[in-house]
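> mind looking at a prediction? Sequence and model below.
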Amino acid sequence: MPSNAEIFARRNAAVVRGVGHVTPIAAARALNSEVWDVEGKRFIDFAGGIAALNTGHCHPHVIARVREQLDRYTHTCFQVLVYEPYIELAERLNALAPIEGHAKSIFLTTGAEATENAIKIARAATGRPGVIAFTGGFHGRTVMAMSMTGKVLPYKKGLGPTLPDVWHVPFPAPQYDVSVDDTLKSLGFIFKADIDPSQVAAIILEPVQGEGGFHPAPAELMRALRRICDEHGIVLVADEIQTGFGRTGRMFAMENYDVKADLICVAKSLSGGFPLSGVIGRAAIMDAADPGGLGGTFAGNPLACVAALAVLEVFEKEKLLDRANQIGALLRRSISNWKMRNDLLPISEARGPGAMVAFDIFDGRGSNAPDAAMTKRVTQRAYENGLVLLSCGTNANTIRILVPLTASDELVCEGLEILEGALAS
């Protein structure tokens, strides 16, 4: 078996630099919340494939269902020959999603495809071009998704012009000294200076920003956006690609609000690690595009659809929504204790609902100034001691925890001990 160093030497020679990598770990196998590298070292996974593995690595039920499907067929292209797993999954999600009235779904392959198709659907339904997004938001890396993403480095720098008719308003977060009033005032300025609301097709946001630092959208903001969308005939799009499927303690993060989106984008943990994304929404809006205007060759492939059906069965059987809240409570208790200690790096309180938990690292006790360099050191020290850990945030000083919801308390506590040691270093 080659070493990590040998694998990465080959990677550097064969794979483009823009793909990047976070840790010098080459995975050999994984199970539930543990990963072993090519040299046999064990790691606890607090990244979960960036929230793609809420049911853990290689969940036995998911793998078994996919193996059964492999013996039937692997591909037909749904636009040529329809198949039941796609239809059954659409029926299940239409019933589960917090959508007003009759819902319909389309399945795709990646999260960026989901956000782009949501905008295509909104434009078809409204006949308008404009899109409003938020600073700190992440919606993907393709050209339209990149245009909506509210972060320049590394997602836009040097990659050419973004698409027109996309505007960003500041996302409200106390850490950035931005209130809901500030956000709405900025949106009002855009409506007066740049685009009339009658020309806006969609407002898109994450109920909890992922890459932006795990900042939940205030309920007041969500209500205001719903009111503005209703007043001007704008489609409200919730990007639930990272928040969806139990991460926030509800199947969908939008269930934490008393208003509903018109369209919901899903991906990541929808299918337990298999490539699948989708858009769920109000039928009248979803049906606006002409036949053939949406879809793709591998969109909603049968293996991934079967995996997603198995994921939903695992959620129900193993009560993973309850488990998300239990894990979140355990994480918040530990982080709260760390914040009070003088022998650890200065950190913020924990934030984020359910098991979507993060905290910031500061450059001094009593300071709120971000320390991106120290945050990077913490993640490095963590993986050196057997913990896969990710940072995020517009200031690159946020530690985010996305441990699979199938992890035991013992494993979560073991990972927290490693993280505590990294904060002490």
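Done, it's in.
> once you drop chain neighbours, what's closest to residue 162?
residue 147 (3.8 Å; Cβ to Cβ, 6 or more residues apart in numbering). Heads up, the C-betas are built off the backbone N, CA and C, glycines and all.
> could you point out the longest helix of the protein?
helix 320-339 (DSSP state H).
> average pLDDT for that helix?
Here helix 320-339 scores 98 as its mean pLDDT.
> buried ones in that helix?
Residues of helix 320-339 classed as buried under the neighbour-count rule (16 or more other Cβ atoms under 10 Å) are 320-321, 323-328, 330-332, 334-335, 338.
> which outside residues touch it?
Contacts to helix 320-339, defined as Cβ atoms under 8 Å, 6 or more residues apart in numbering, come from residues 54-55, 246-251, 314-315, 344, 347-350, 352-357, 359, 401, 403, 405-407, 409, 412-413, 416, 420, 423.
> how about 6 Å then?
246, 249, 344, 347, 350, 354-355, 357, 359, 401, 405, 412, 416 (Cβ atoms under 6 Å, 6 or more residues apart in numbering).
> same question, stretch 360-371
Contacts for stretch 360-371 (Cβ under 6 Å, 6+ apart): 345, 346, 347, 348, 374, 375, 395, 397, 398.
> quick one: contacts for residue 388?
43, 45, 46, 47.
> phi and psi next, for the third one.
When read as degrees, to the nearest 10, the backbone of residue 46 gives phi -100, psi 10.
> one step back: which one of the contacts of helix 320-339 is nearest to residue 124?
Nearest to residue 124 out of the contacts of helix 320-339 is residue 246 (Cβ to Cβ; 31.0 Å).
> the closest one sits in which helix or strand?
Of the helices and strands defined by DSSP states H and E, none includes residue 246.
> ok but the residue nearest to residue 162 is inside a strand, no?
No - read with DSSP: H, G, I helix; E, B strand; the rest coil, residue 147 is helix and lies in no strand.
> list the contacts for it?
Residue 147 neighbours (Cβ under 6 Å, 6+ apart): 162, 163, 166.
> thinking again about what came up before, export the buried residues of helix 320-339 to a markdown table and tack on distance to residue 83?
Converted to a markdown table, the buried residues of helix 320-339 look like this (distance: Cβ to Cβ, whole Å):
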| residue | distance to residue 83 |
| --- | --- |
| 320 | 27 |
| 321 | 29 |
| 323 | 32 |
| 324 | 31 |
| 325 | 35 |
| 326 | 37 |
| 327 | 35 |
| 328 | 37 |
| 330 | 41 |
| 331 | 40 |
| 332 | 43 |
| 334 | 45 |
| 335 | 45 |
| 338 | 49 |
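> any idea how far the most centrally placed residue in the chain lies from residue 52?
Geometric centre of the chain, nearest residue: residue 242, 1.7 Å, by Cα atoms, centre = their mean. Residue 242 sits 9 Å away from residue 52, taking Cβ to Cβ, to the nearest Å as the criterion.
> residues contacting residue 232?
residue 197.
> list the buried residues in stretch 217-233.
So, applying 16+ other Cβ under 10 Å, buried residues of stretch 217-233: 217, 218, 221, 222, 224, 225, 226, 228, 229, 232.
> nope, stretch 245-263 is what I was after
Neighbour-count burial for stretch 245-263, with 16+ other Cβ under 10 Å as criterion, is recorded at 245-257, 259-263.
> can you list contacts of the helix or strand bottoming out on mean pLDDT in the chain?
Lowest mean confidence among the helices and strands of the chain (mean pLDDT, DSSP states H and E): helix 4-14, at a mean of 88. Contacting residues not belonging to helix 4-14 are listed as 24, 26, 37, 39 [Cβ under 6 Å, 6+ apart].
> derive a PyMOL selection command for the buried subset of those residues.
Buried members of these can be picked out in PyMOL with the line below, counting by 16+ other Cβ under 10 Å:
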select buried, resi 26+37
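> contacting residues for residue 223?
residue 259.
> how far does the helix or strand hosting it sit from the chain's center?
Applying DSSP H and E as the criterion places residue 223 in helix 219-232. In terms of Cα atoms, centre = their mean, to the nearest Å, the centre of helix 219-232 is set 22 Å apart from its chain centre.
> nearest to residue 284 among the contacts of helix 4-14?
Closest approach to residue 284 among the contacts of helix 4-14 (Cβ to Cβ): residue 26, at 48.5 Å.
> what about that closest one, distance to residue 56?
20 Å.
> same check, this time on residue 230
40 Å.
> quick one: contacts for the closest residue to residue 190 other than its chain neighbours?
Spatial nearest neighbour of residue 190, excluding adjacent residues (Cβ to Cβ, 6+ apart): residue 167 at 5.0 Å. The neighbours of residue 167, taking Cβ under 6 Å, 6+ apart as the test, are 132, 190, 194.
> of those residues - the most surrounded one?
Counting neighbours by other Cβ atoms under 10 Å, residue 132 comes out on top of these with 27 neighbours.
> in what helix or strand does that residue lie?
strand 130-134.
> quick one: contacts of stretch 36-46?
1, 3-4, 25-26, 28-29, 33, 35, 386-389, 401, 403, 415.
> among those, name the ones in strands.
28, 29, 35, 387, 388, 401 (DSSP state E).
> pick the one among the contacts of residue 167 closest to residue 280.
residue 132 (20.7 Å).
> tell me the secondary structure at the nearest residue to the closest one once chain neighbours are set aside.
Counting by Cβ to Cβ, 6+ apart, residue 132 lies nearest to residue 203, which is 4.4 Å off, once chain neighbours are set aside. Recorded secondary structure, residue 203: strand (three-state DSSP).
> ok, residue 203 - contacts?
Per Cβ under 6 Å, 6+ apart, neighbours of residue 203: 132, 225, 234, 236.
> what does residue 225 give?
Contact analysis of residue 225 by Cβ under 6 Å, 6+ apart lists 203, 236.
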